[in-house]
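K.L.:
Give me a 3D structure for the following:
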Amino acid sequence: MTDTEIHTARTPRAAPAPVHATAPAAAGPAPLAPAARLWPALGAVYRAQLSRARVARIPLLFVATFQSIGIMVLMRGVVDGGGGEEARAVVAGSAVLVVAFVALNLLAQYFGQLRATGGLDHYATLPVPATAVALGTAAAYASFTVPGVLVTAVSGGLLYQLPMGGLWVALAVVPLAGAALAGLGAALGLLAPRPELATLCGQLGMSAALLLGVLPTARLPEPTLWLRDLLPSSYGVDALADALGPAPDWASVAGNLTVCAVTGVLALALATWAYRRAAVR
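P.N.:
Just a heads-up that it's a prediction; the model follows:
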């Protein structure tokens, strides 16, 4: 190796000149889509759940209506017709029992299964407020019971020879009692740790609506009447029973409907809180 080659090998090579390339500016986060407003989201959830209920729940609505009419037929053997207090209590309680079967029992099972299978994660990924999911589902299940309630009330009125002039009150009882029972059913399904317990709670709630709503209050012991006052649907039963009388006390009807509406708001608020609690887990 020559001296020139040795000198060249020992001399460090000059570093290449830095290239001052202009780096593209870091892009900011993509703007998020605007959050869905409550009422449009509530309407979308309501329509979706109502369509689902029409497909999957029609046989169960038939069972609920047939069950209520069967109870009225059985009670006809021990309760006289003609517009008495006991007859009106049986008819009103049987009509509201349809709401309890669907809005309380089935909704508790639905949310219990939805929580167990991870279905709440699907709703959590949608830009839909939690209030819209809880209220929309409850409203769909409650309004789904309208045909069954009307068929039961008309059948009971004919069976017990009741005046039909106040039957229109059932159209107010269904959304108010339905909201209370649906909110309670949704809360039971969302708070139950297992779907089996949600089903059990729904069945117990429906049984309470049957025993405390259909049976005349004059035949219930005093401690049972205290439990009846805690059942939201009992106020809807009393309102409809008063309206089916020969001389309805409209002040009492309005008072019972008001209490039913207040309990409905509280039950739906509880369902919304339970949904938020279950969705973040």
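K.L.:
L225 and R219 touch, don't they?
P.N.:
No: counting by CB atoms under 8 Å, R219 is not a contact partner of L225; they are 10.7 Å apart. C-beta: built from backbone N, CA, C; applies to glycine.
K.L.:
Please identify every residue contacting each of these two.
P.N.:
The overlap between the contact sets of L225 and R219 (CB atoms under 8 Å, 6 or more residues apart in numbering) is empty.
K.L.:
Please identify the buried residues of the top helix by length along the chain?
P.N.:
In terms of residue count, the longest helix belonging to the chain (DSSP state H) is helix 250-279. Going by neighbour count (16 or more other CB atoms under 10 Å), the buried part of helix 250-279 is 253, 256-257, 259-261, 263-264, 267-268, 270-276, 278-279.
K.L.:
Name the nearest residue to R76, ignoring sequence neighbours.
P.N.:
Distances taken as CB to CB, 6 or more residues apart in numbering put L159 closest to R76, at 6.0 Å, once the chain neighbours are dropped.
K.L.:
The one you found - how many residues pack around it?
P.N.:
Residues lying near L159 (other CB atoms under 10 Å) number 18.
K.L.:
what does the one 5 residues further on give?
P.N.:
Each residue near M164 was counted by other CB under 10 Å, and the total is 11.
K.L.:
where does this structure have low pLDDT?
P.N.:
Applying pLDDT under 70 to the chain flags residues 1-36, 53-57, 281.
K.L.:
roughly how far is whichever strand or helix holds A241 from the heart of the chain?
P.N.:
Using DSSP states H and E, A241 sits within helix 233-243. Averaged C-alpha coordinates place helix 233-243 at 20 Å from its chain's average position (CA atoms, centre = their mean, to the nearest Å).
K.L.:
okay, the angle between it and helix 250-279?
P.N.:
Using axes from the mean of the first three to the mean of the last three CA atoms, to 10 degrees, the direction of helix 233-243 lies 160 degrees away from that of helix 250-279.
K.L.:
Can we start the residue count at 595 from this point?
P.N.:
Right, with 595 as the first residue, what we last looked at is helix 827-837.
K.L.:
Only the buried residues of helix 827-837, if you could.
P.N.:
Quick answer for helix 827-837 (16+ other CB under 10 Å): S827, S828, Y829, G830, V831, D832, A833, L834, A835, D836, A837.
K.L.:
Looking at those, which is nearest L761?
P.N.:
Of all the buried residues of helix 827-837, L761 sits closest to A837, with 7.4 Å by CB to CB.
K.L.:
pretty sure the closest one is in contact with P757, am I right?
P.N.:
No: in this structure A837 lies outside contact range of P757 using CB under 8 Å: 9.4 Å.
K.L.:
intersection of neighbour lists for those two?
P.N.:
By CB under 8 Å, 6+ apart, A837 and P757 have no common neighbours.
K.L.:
Distance of V740 relative to V696?
P.N.:
According to CB to CB, to the nearest Å, V740 and V696 sit 10 Å apart.
K.L.:
how about C795, what does it touch?
P.N.:
Contacts of C795 by CB under 8 Å, 6+ apart are A702, L782, G783, A786.
K.L.:
Let's see that with 7 Å instead.
P.N.:
Neighbouring residues of C795 by CB atoms under 7 Å, 6 or more residues apart in numbering: A702, L782, A786.
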